[in-house]
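Peer 1: next come a sequence and a model predicted from it.
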Amino acid sequence: MPNTLPALTKEEHLLLKLKERELAALLEITQAVNGEPNDENLYKIFQFTLLGQLGVRQLAVYVEEEGHQWRCATAFGPKMPEFQAHQLPERIQRFPPEHPASVADLELGKPWQVFETVMPAYEGDQLLGLVFIGELNQNYTSSDEARREAVTFIDSLSQILLGAVASRRLVRQQVQAAAVRKEIEIAQEVQAMLFPGKLPNNDAVVVHATYIPHTAVGGDFYDVVEIDKNRFLFCAADVSGKGVGASLLMSNFQAGLRTLLRQPVDLATVVQELNHLIFRNSGGDRFITAFFGIYNRATRHLQYVNAGHNDPLLLPDHGPVQLLKTGAIMLGVMDELPLLQVGELTVPPRTMLLTYTDGLTEVFNEAGDEYGEEGVLQALHEMRYVPLPKLHDSLLQRIEQFNAKGNYFADDITILSCRFK
């Protein structure tokens, strides 16, 4: 006797049809998630799937982004207001439902009454978004079981969609973070190559330098370049801004400086050409303060230009401290430097010169007092004859003790000192 299957009831037949639609909807969303569309296209696919397969008439999806800001990612339906222009009510932001809930029970008011149900999407304890749905296909409203089936399935579909969007966002953030780390790594390598590997230490002069970056890639720079057997140039500089852009501009600055020094040009020409180079490369958006000095060991003659930099301190063995102010404005502000002057002096024996960037002086105590140039001068008077490495270490210890934030400094610190024998 042949086996016969009992005929499906009308309700069972309806539920089977709904399952087929749900399977088709799940397949569409899964294929979209596994594909390569951007987030906005994912929301559109979600929208069309709910409309085409499940007959959802009204929909609005709100997602929480960085900074706890909510935005409407997609919305559609007849007689719907422009939900992209409507902020998510503060009440539901502060007290979101844990499970699908009736919008009417939440008392959100206009224009939210066009929706029947709100579905939260969570990943662990983190709320990813809220999906508002309105009228369902009449097949889903034929019975309480069908309605529960619809709400449960759309809730699951929403979890898949918003979980996928959150995962893709996390992947993008990780890729971006890796790219930033690589940029910083390259910039650090570039910056390390900018600093000279060896500083003069002979019977005429001793030079010592200390560099403390504020961030992974700083904006300070120093260099010492032998011009010929008697002359060398020393330079300390500070570029506006920090990070990779500042490091690349400093690299360009040093390359230009060293190229110019291979030619028989005077200091004024070097500074003018560097100013033109920086202005051309940064378009006036960045500038560099710098101090340039050229010292002749044979004649003890020093030429210098202070381009908007902190005034270096010249301490002779006898007599008052001299501030080296002569020069020009900062480099890169305009195409031509106005009123450029070159300072000149003869350096007495046993004189010390200290050049630094503003990170050394712009340190504040609990009362808001600045360490300033006066603090540096006091330290120099007390330690003018100690070895330069020890002098630098002592200066750093003093500003750390003075600083209300301890060893956290608000800017890079560069110290370049010369002791002329």
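Peer 2: Here it is on my side, so go on. Numbering: from 1, shown residues only.
Peer 1: for the top helix by length along the chain, the averaged confidence score.
Peer 2: Using DSSP state H, we find that the single longest helix of the chain is helix 144-194. Taken as a whole, helix 144-194 carries a mean pLDDT of 73.
Peer 1: what is it packed up against?
Peer 2: On a contact count with 3 or more CB pairs under 8 Å, 6 or more residues apart in numbering; DSSP states H and E, helix 144-194 meets helix 10-34, helix 39-54, strand 59-65, strand 117-123, strand 126-133, helix 243-261. C-beta here means a position set from N, CA and C on the backbone, and glycine is covered the same way.
Peer 1: got the angle for it vs strand 126-133?
Peer 2: Angular relation of helix 144-194 and strand 126-133 on a 0 to 180 degree scale: 140 degrees, by axes from the mean of the first three to the mean of the last three CA atoms, to 10 degrees.
Peer 1: and Ser251, how close does it get to Leu395?
Peer 2: Distance, Ser251 to Leu395, by CB to CB, to the nearest Å: 27 Å.
Peer 1: those two: which is more packed in?
Peer 2: Neighbours per residue, other CB atoms under 10 Å: of Ser251 and Leu395, the larger number sits with Leu395, 23 against 16.
Peer 1: state whether that one is indeed within a helix.
Peer 2: Yes. Counting by DSSP: H, G, I helix; E, B strand; the rest coil, Leu395 is part of a helix.
Peer 1: residues contacting the closest residue to Asp39 other than its chain neighbours?
Peer 2: Distances taken as CB to CB, 6 or more residues apart in numbering place Val165 nearest to Asp39, at 5.3 Å, with adjacent residues excluded. Applying CB atoms under 8 Å, 6 or more residues apart in numbering to Val165 gives the contacts Asp39, Leu42, Tyr43, Val63, Leu128, Gly129.
Peer 1: any idea what the nearest residue to the fourth one once chain neighbours are set aside is bridged to?
Peer 2: Excluding the flanking residues, the one nearest Val63 by CB to CB, 6+ apart is Gly129, at 4.1 Å. Applying DSSP bridges to Gly129 gives these bridge partners: Val63, Ala121.
Peer 1: likewise for Tyr356?
Peer 2: With DSSP bridges as the rule, Tyr356 is bridged to Ile415.
Peer 1: tell me which residues touch it, please.
Peer 2: Counting by CB under 8 Å, 6+ apart, Tyr356 has contacts Ala236, Asn310, Pro312, Val376, Ile413, Thr414, Ile415, Leu416.
Peer 1: same check on Gln341?
Peer 2: For Gln341, counting by CB under 8 Å, 6+ apart, the contacting residues are Val305, Thr326, Gly327, Ala328.
Peer 1: go again with 7 Å.
Peer 2: Thr326, Gly327 (CB atoms under 7 Å, 6 or more residues apart in numbering).
Peer 1: over to Asp311?
Peer 2: Counting by CB under 7 Å, 6+ apart, Asp311 has contacts Leu323, Leu324, Lys325.
Peer 1: which of these fall within helices?
Peer 2: Among those, no member lies in helices (by DSSP H).
Peer 1: neighbour-wise, which of those leads?
Peer 2: Leu324 (21 neighbours).
Peer 1: I'd say that residue and Asn306 touch.
Peer 2: Yes. If you go by CB atoms under 7 Å, Leu324 and Asn306 touch, sitting 5.7 Å apart.
Peer 1: could you measure from Arg148 over to Leu130?
Peer 2: Separation of Arg148 from Leu130 (CB to CB): 20 Å.
Peer 1: more crowded one of those two?
Peer 2: Neighbours were counted for Arg148 and for Leu130 using other CB under 10 Å; Leu130 has more, 23 against 12.
Peer 1: show me where the stretch 301-421 of the chain has its helices.
Peer 2: Applying DSSP state H, counting those that start in this stretch to the stretch 301-421 of the chain gives helices spanning 372-383, 388-402.
Peer 1: what's the longest one packed up against?
Peer 2: Contacts of helix 388-402 with other secondary structure elements, assessed using 3 or more CB pairs under 7 Å, 6 or more residues apart in numbering; DSSP states H and E, are made with strand 205-212, helix 372-383, strand 413-420.
Peer 1: can you give me the strands in the stretch 201-350 of the chain?
Peer 2: 205-212, 220-226, 231-239, 288-296, 301-307, 313-315, 322-323, 327-328, 343-346 (DSSP state E, counting those that start in this stretch).
Peer 1: can you add mean pLDDT and distance to Gly372 and give the ones you listed back as CSV?
Peer 2: Below are the strands of the stretch 201-350 of the chain laid out as CSV (pLDDT from 0 to 100; distance: least, CB to CB, whole Å):
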stretch, mean pLDDT, distance to Gly372
strand 205-212, 94, 18
strand 220-226, 91, 18
strand 231-239, 94, 17
strand 288-296, 97, 17
strand 301-307, 98, 18
strand 313-315, 96, 12
strand 322-323, 96, 13
strand 327-328, 96, 21
strand 343-346, 96, 23
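Peer 1: in this protein, which helix or strand is least confident?
Peer 2: Least confident helix or strand, the chain: helix 10-34 with a mean of 58, by mean pLDDT, DSSP states H and E.
Peer 1: returning to what we had before: out of the helices of the stretch 301-421 of the chain, indicate the one that is most buried.
Peer 2: When you average the neighbours per residue for each of the helices of the stretch 301-421 of the chain (mean count of other CB atoms under 10 Å), helix 388-402 leads with a mean of 17.
Peer 1: quick one: contacts of that one?
Peer 2: Taking CB under 7 Å, 6+ apart as the rule, helix 388-402 contacts 206, 208, 210, 360, 363, 365, 371, 375-376, 379, 383, 406-407, 415, 417, 419.
Peer 1: counting neighbours, which of these comes out on top?
Peer 2: Result: Leu360 is most packed of these (other CB under 10 Å), 27 neighbours.
Peer 1: domain parsing for the chain?
Peer 2: Using automatic domain parsing, the domain parsing of the chain gives 10-172, 195-420.
Peer 1: which one of those domains has the most crowded surroundings?
Peer 2: domain 195-420 (a mean of 18).
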